[in-house]
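Asker: Coordinates for the following, if possible.
(one chain, ligands or ions: 1)
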Amino acid sequence: MKKLLLAAALACGVAAVHAAPNPLFAPLYTADPAVLVDGGRVYLFAGRDEAEPEGKDYVMHEWRVFSTCDMVNWKDEGVPLKAATFGWAKGRAWASDVVKRHGRYWFYSTVEHATVPGFAIGVAVSDSPTGPFVDARGSALITNDMTKQTDIAWDDIDPTIFVDDDGQAWLYWGNTVLKAAKLKANMTELDGPITVVPVANFVEAPYLHKRKVRGKNVYYLSYSQHFPEETAYMTGPSPTGPWTPQGVVMERNTKTKTIHQAFFEFNGKSYVAYHNAELPGGGEFRRSVAIEEFSYRTDGTIPFIHQTKT
Ligand code: FUB
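Answerer: Coordinates of the predicted model:
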């Protein structure tokens, strides 16, 4: 029976009945998953944690991409983008998100700026979801102006990119303060002012997705709150809300303080990707991506989703 299931999954003719065992992508330590479903495959992008076992900070130079057509067998597609690809950046390949638009793939990435203090957001583009991606602007899309007293070096991180059915692209990002802006159709320029979205206890990792509930569009804005982090979300009737807080859907990690979720649908099933640090040898700066399958309630809300812990 097991062999039959494996053969079916390998052929990708049917949806797998279970997902690959967590944590994923051993022996690599990976974090900050972003997911793109395209052409019958799931592409999962993650930063690679390269810190030593007793490391005291993130060491991240590149993003990795893995793909599957059955949620069981993952292919390591290599390195689609490095922080060094952005000539204006100092390094530090923090969280990112990828979207398809105009038949091309757009990679929004957090990196540390070389000349403007703090982190910034760049945009890279490729004709393939597995890259190679190239800098689409030659400069940062978002820089940290550090002009306000409340500005911190890492408050312009963690982009999530969402293109709505009307073609409008929305970028959300931030740490401590959640920010939002429209993008022009070229995907490389802001279209209007940056707005601040008030969210109690918001820390980082915003993620915007949309689905139909009883025939109506529901937008889900999920994020990490508190520190150590837990995953919470809000829902609204548009990409700008108004937002109704819906509570916590994933618990804190015990081995790392961050989570960073991405919700997606594939072959009629719902999943959330996130990271903890359950891979042997893991820790605060040696995290591991995992995926849980779940079912939305009939009213569209997300049930509490337990992490796989070892
Ligand atoms: O991976 C570096 C940072 O840790 C990310 O930008 C945050 O979301 C947190 O996961």
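Asker: Give me every residue in this structure lying close to the ligand.
Answerer: 31-32, 47, 58, 94-95, 110, 157-158, 204-205, 258, 260 (C-beta under 6 Å from any ligand atom). From N, CA and C alone the C-beta is placed, and that goes for glycine too.
Asker: Pull the number of nearby residues for Pro193.
Answerer: Close neighbours of Pro193, defined as other C-beta atoms under 10 Å, add up to 8.
Asker: looking at it, it is touching Lys179, isn't it?
Answerer: No: look at Pro193 against Lys179 with C-beta atoms under 8 Å: they stay out of range, at 10.2 Å.
Asker: Can you show me the strands along the stretch 201-310 of the chain?
Answerer: For the stretch 201-310 of the chain, applying DSSP state E, counting those that start in this stretch gives strands covering 202-213, 216-225, 230-236, 244-250, 262-266, 269-276, 288-294.
Asker: which residues touch the residue of the stretch 151-300 of the chain at minimum distance from the ligand?
Answerer: Relative to the ligand, the nearest point of the stretch 151-300 of the chain is Thr258 (3.6 Å; C-beta to the nearest ligand atom). Going by C-beta atoms under 8 Å, 6 or more residues apart in numbering, Thr258 touches Ala31, Glu204, Ala205, Ser224, Pro228, Glu229, His275, Arg287.
Asker: low-scoring stretches of the protein, by residue?
Answerer: For the chain, applying pLDDT under 70 flags the ranges 1-11, 13-18, 146-150.
Asker: now the residue positioned nearest the centre of it: how far from Gly47?
Answerer: For the chain, the residue nearest the mean C-alpha position is Ala34 (3.1 Å; C-alpha atoms, centre = their mean). Using C-beta to C-beta, to the nearest Å, Ala34 is found at 9 Å from Gly47.
Asker: any common contacting residues for the two?
Answerer: Ala95, Ser96.
Asker: picking up where we left off before, by contact count, what packs against the host helix or strand of the residue nearest to the centre of the chain?
Answerer: Following DSSP states H and E, one finds Ala34 within strand 30-38. Contacts defined by 3 or more C-beta pairs under 8 Å, 6 or more residues apart in numbering; DSSP states H and E place strand 30-38 against strand 41-48, strand 96-101, strand 262-266, strand 269-276, strand 288-294.
Asker: Output the fourth one as PDB, nothing but the C-alphas.
Answerer: Spelled out, it's strand 269-276. Extracted C-alpha coordinates of strand 269-276, given in PDB (Å, rounded to 0.1, in the frame of the first residue of the first chain):
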ATOM      1  CA  LYS A 269      -6.000  21.200   0.600                       C
ATOM      2  CA  SER A 270      -5.000  24.000   2.900                       C
ATOM      3  CA  TYR A 271      -1.500  24.300   4.500                       C
ATOM      4  CA  VAL A 272       0.600  26.600   6.600                       C
ATOM      5  CA  ALA A 273       4.400  26.700   6.300                       C
ATOM      6  CA  TYR A 274       6.300  28.100   9.300                       C
ATOM      7  CA  HIS A 275       9.600  27.500  11.000                       C
ATOM      8  CA  ASN A 276      10.600  26.100  14.400                       C
END
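Asker: who does it touch, helix- and strand-wise?
Answerer: Counting contacts by 3+ C-beta pairs under 8 Å, 6+ apart, strand 269-276 packs against strand 30-38, strand 244-250, strand 262-266, strand 288-294.
Asker: Now tabulate those in JSON lines and tack on distance to Ala200.
Answerer: Shown next, in JSON lines, are the helices and strands packed on strand 269-276 (distance: least, C-beta to C-beta, whole Å):
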{"stretch": "strand 30-38", "distance to Ala200": "23"}
{"stretch": "strand 244-250", "distance to Ala200": "7"}
{"stretch": "strand 262-266", "distance to Ala200": "21"}
{"stretch": "strand 288-294", "distance to Ala200": "24"}
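Asker: okay, those, which one's buried deepest?
Answerer: For the helices and strands packed on strand 269-276, the largest average neighbour count (mean count of other C-beta atoms under 10 Å) is found in strand 30-38, namely a mean of 24.
Asker: For that strand, what is the distance to the chain centroid?
Answerer: Counting by C-alpha atoms, centre = their mean, to the nearest Å, strand 30-38 is centred 6 Å from the centre of its parent chain.
Asker: re earlier: any idea how far Tyr223 is from the residue of the stretch 151-300 of the chain closest to the ligand?
Answerer: Thr258 sits 12 Å away from Tyr223, taking C-beta to C-beta as the criterion.
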